[in-house]
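> return atomic coordinates for the entry below.
(one chain, ligands or ions: 1)
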Amino acid sequence: MALAAGRAMLMRSGVRLGTQAAARGGNGARRFMNHRVVVEPNTVPGVAVIKFKNPPVNSLTLEFLTEFVICLEKLENDKTFRGVVLTSDCPGIFSAGLDLREMCGKNPAHYAEYWRAVQEMWLKVYLSNLVLVAAINGTSPAGGCLIALSCDYRVLADNPRYRMGLNETLLGLVVPFWFKDTLVNTIGHRASERALQLGLLFPPAEALQLGMVDQVVPEDQVQSTALSVMTQWLAIPDHVRQLTKNMIRKATADHLIKHQEADIQNFINFISRDSIQKSLQVYLENLKQKKH
Ligand SMILES: CC/C=C\C/C=C\C/C=C\C/C=C/C(=O)SCCNC(=O)CCNC(=O)[C@H](O)C(C)(C)COP(=O)(O)OP(=O)(O)OC[C@H]1O[C@@H](n2cnc3c(N)ncnc32)[C@H](O)[C@@H]1OP(=O)(O)O
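Prediction:
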């Protein structure tokens, strides 16, 4: 169902599924390539590595979200895969979060389509039957952080330039309740109150101390650590692990599922406000200015 919706979404946004290519990597492994998401089976049996490849900053465009969901769905339906490592192909950036241009100067129909895609991506990641390990090899604000928080385990590169957190208030945005729930479930209520209101972005040592990530390792060991953690998780039989995960996460996901249409309408109303549009434009302008 989500796959069909995703395909329709890709068609609407002009992305041709026919451009997906399959090739053989050096180790003979099959390697699936979309435009923006690359899926590589790994040396660890049953494990794939998904690399985000939406330069310059892996922002979560509609096309990216659609490809990502389709990739995850394919891996879930392919019984040879039990676990996935999520990482980035863009140096120094895991994901810059939601694409600000998708939320700026568009019409309500576009905002509805975009927000549904964000919701569907989160539900797919958060409730995945696969073991998901985030190998966070760069900065991950807001929506990028949400993806990592929705995985089962997080390994972050020990680079003081990398920051992680939900910084929505710094953009003049109210964090969606399910982003908030995901953070609260990870770092607890009090730490979330402070982090969310101040829009804090944490360097690795602080992210580790808060429990926002599970491990901080040297940058060149992020993926290998994620793969060895995966081995530990895959030692547990899938069905008991999946039932346990579902038991823990279901209430949080159901909260969004139950209010999905209202959440879309709230998003449209909020993002369409002149004051919010102005804030986003200023924020984008400031990103440009800092280059000069
Ligand atoms: C009542 C409530 C109801 C509902 C809720 C309502 C609203 C809540 C809605 C949404 C929640 C929002 C979630 C988000 O994820 S918002 C996005 C947050 N992301 C950020 O703040 C990151 C911004 N980017 C950066 O800080 C830097 O770009 C970064 C550190 C990632 C990389 O820095 P670097 O110096 O390497 O690159 P730049 O030169 O800054 O950027 C290159 C290029 O990319 C553009 N860019 C960057 N980030 C984004 C983005 N998120 N979306 C779109 N485009 C982005 C940047 O402008 C540059 O473009 P150009 O100048 O054209 O080269």
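
> what parts of this protein come near the ligand?
Within the chain, the positions near the ligand by CB under 6 Å from any ligand atom are 56-57, 59, 93, 96-101, 139, 141-143, 167-168, 171, 173-174, 176, 266-267, 270-271, 284, 287-288, 291. The way it works is simple: take the backbone N, C-alpha and C, and place the C-beta from them, glycine included.

> among these, which ones are in helices?
Those of the residues of the chain next to the ligand mapping onto helices are 143, 266-267, 270-271, 284, 287-288, per DSSP state H.

> which pair of those spans the longest distance?
By the measure CB to CB, Asn266 and Lys288 form the most distant pair in those, at 29.3 Å.

> who has more neighbours, the two?
Asn266 (15 against 8; other CB atoms under 10 Å).

> which pLDDT value goes with that one?
For Asn266, the pLDDT comes out at 98.

> cool, and Ser272?
98.

> any idea how many residues pack against it?
14.

> tell me who's in contact with Met212.
Residues near Met212 by CB atoms under 8 Å, 6 or more residues apart in numbering: 145, 149, 154, 164-165, 186-187, 202.

> considering these, which possesses the most neighbours?
Cys145 (30 neighbours).

> got a list of what that residue touches?
Taking CB under 8 Å, 6+ apart, one finds 97, 164-166, 212 in contact with Cys145.

> nearest to the ligand among those residues?
When the contacts of Cys145 are compared for distance to the ligand (CB to the nearest ligand atom), Gly97 wins out at 2.7 Å.

> for this protein, which residue occupies the most central location?
Ile147 (2.6 Å; CA atoms, centre = their mean).

> surely it is in contact with Ala96?
No. Using CB atoms under 8 Å, Ile147 makes no contact with Ala96, being 11.4 Å away.

> closest to Asp220 among the contacts of Cys145?
Met164 (18.9 Å).

> my guess is the closest one meets Gly138, correct?
No. At 9.5 Å, Met164 does not count as touching Gly138 under the criterion of CB under 8 Å.

> all helices of the stretch 151-292 of the chain, in order?
177-187, 189-198, 204-210, 222-234, 238-258, 260-271, 274-289 (DSSP state H, counting those that start in this stretch).

> returning to what we had before: only C-alpha atoms, please: export the helix or strand where the residue nearest to the centre of the chain lies in PDB.
Secondary structure assignment for Ile147, by DSSP states H and E: helix 143-149. Output in PDB follows, covering the C-alpha atoms of helix 143-149 (Å, rounded to 0.1, in the frame of the first residue of the first chain):
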ATOM      1  CA  GLY A 143      14.400  15.800  10.700                       C
ATOM      2  CA  GLY A 144      17.800  14.300  10.300                       C
ATOM      3  CA  CYS A 145      18.000  13.700  14.100                       C
ATOM      4  CA  LEU A 146      14.400  12.300  14.000                       C
ATOM      5  CA  ILE A 147      15.500   9.600  11.500                       C
ATOM      6  CA  ALA A 148      18.400   8.600  13.800                       C
ATOM      7  CA  LEU A 149      16.300   8.700  16.900                       C
END
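
> all good on my end, thank you.
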